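Peer 1: coords please:
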Amino acid sequence: MKEMMIAILMFLFPVVNPVVMNMVTDSPPLSVSAEKKSAAVKQEVITIIGDSLTVAVSKSLKQMKNKKIYIDAKVGRQMNELSSVFQTMKKNNKLGSKLVIALGTNGPFRIADVQAVINIARKSGVDSFYVVNVCMQRSWQNTVNQSLSRLVQKNKKDTQLIDWYQVSKDQKSYFVADGVHLSKEGQAAFVRLIQKSIA
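Peer 2: Down below sits the predicted model:
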């Protein structure tokens, strides 16, 4: 009789399994398409400011997975133009969390001028800086590279040197006859180095 009463009660008032309950109420896993959309939202934005070397490889530099890359490069550009170019890119909403400065080919510069841009960029949301040094048959090569090294040392918490000089100094095939601009092989190496550094 007692067993029959228990059976009736269990029929009338079933016990809910807490494990099953959790399985029902938990959010379903994201579909493949939803995961792709989520990845697209998290796409990293990178800003690159450069001279003629960057002009030649702009298309290749932009081919990075999950990166949105804005490039402003011009033949003959010197470092003293950095501030105005930066301000223009900021105004046009082309400023990313990473800023790559690939200038110095066309002459030496004042460290204070670049430092001023870095200071403003930090306040504008940039959290990582990269400066590309130079390798070329020009009298100011060492002056430019020394200045860039000092700049990195002053800002080593968030600034990295992309050492193009070290990579290319013994590679004659990377350069065309003027000893400054890059051959197809050199362009490929230049792109690989920058992409690896900012990945």
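Peer 1: where along the protein do the strands fall?
Peer 2: All strands of the chain, identified by DSSP state E, fall at 44-50, 67-73, 98-102, 128-132, 159-162.
Peer 1: okay, those in a markdown table with mean pLDDT and distance to Lys169 next?
Peer 2: Where you see a C-beta, it was placed from the backbone N, CA and C, and this is true even at glycine. Formatted as a markdown table, the strands of the chain follow (pLDDT from 0 to 100; distance: least, C-beta to C-beta, whole Å):
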| stretch | mean pLDDT | distance to Lys169 |
| --- | --- | --- |
| strand 44-50 | 98 | 20 |
| strand 67-73 | 97 | 23 |
| strand 98-102 | 98 | 17 |
| strand 128-132 | 98 | 14 |
| strand 159-162 | 98 | 14 |
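Peer 1: tell me the contacts of Trp140?
Peer 2: By C-beta atoms under 8 Å, 6 or more residues apart in numbering, the contact set of Trp140 is 107-108.
Peer 1: so what's the residue nearest to Asp163 when sequence neighbours are not counted up against?
Peer 2: Distance criterion C-beta to C-beta, 6 or more residues apart in numbering; nearest residue to Asp163, sequence neighbours excluded, is Asn133 at 6.0 Å. Neighbouring residues of Asn133 by C-beta under 8 Å, 6+ apart: 104, 144-145, 148-149, 161-165.
Peer 1: wait, which of the residues you listed is closest to Val55?
Peer 2: The shortest approach to Val55 among the contacts of Asn133 belongs to Gly104, at 14.7 Å (C-beta to C-beta).
Peer 1: what's near enough to touch the closest one?
Peer 2: Counting by C-beta under 8 Å, 6+ apart, Gly104 makes contact with 51, 79, 132-134, 144-145, 147-148.
Peer 1: could you list every residue that touches the residue lying closest to Val167 once chain neighbours are set aside?
Peer 2: Nearest residue to Val167, sequence neighbours excluded (C-beta to C-beta, 6+ apart): Leu193, at 5.6 Å. Going by C-beta under 8 Å, 6+ apart, Leu193 touches 162-164, 167.
Peer 1: ok, back up a step: out of the strands of the chain, which gets nearest to Ile118?
Peer 2: Comparing these by C-beta to C-beta, strand 128-132 comes nearest, at 5.9 Å.
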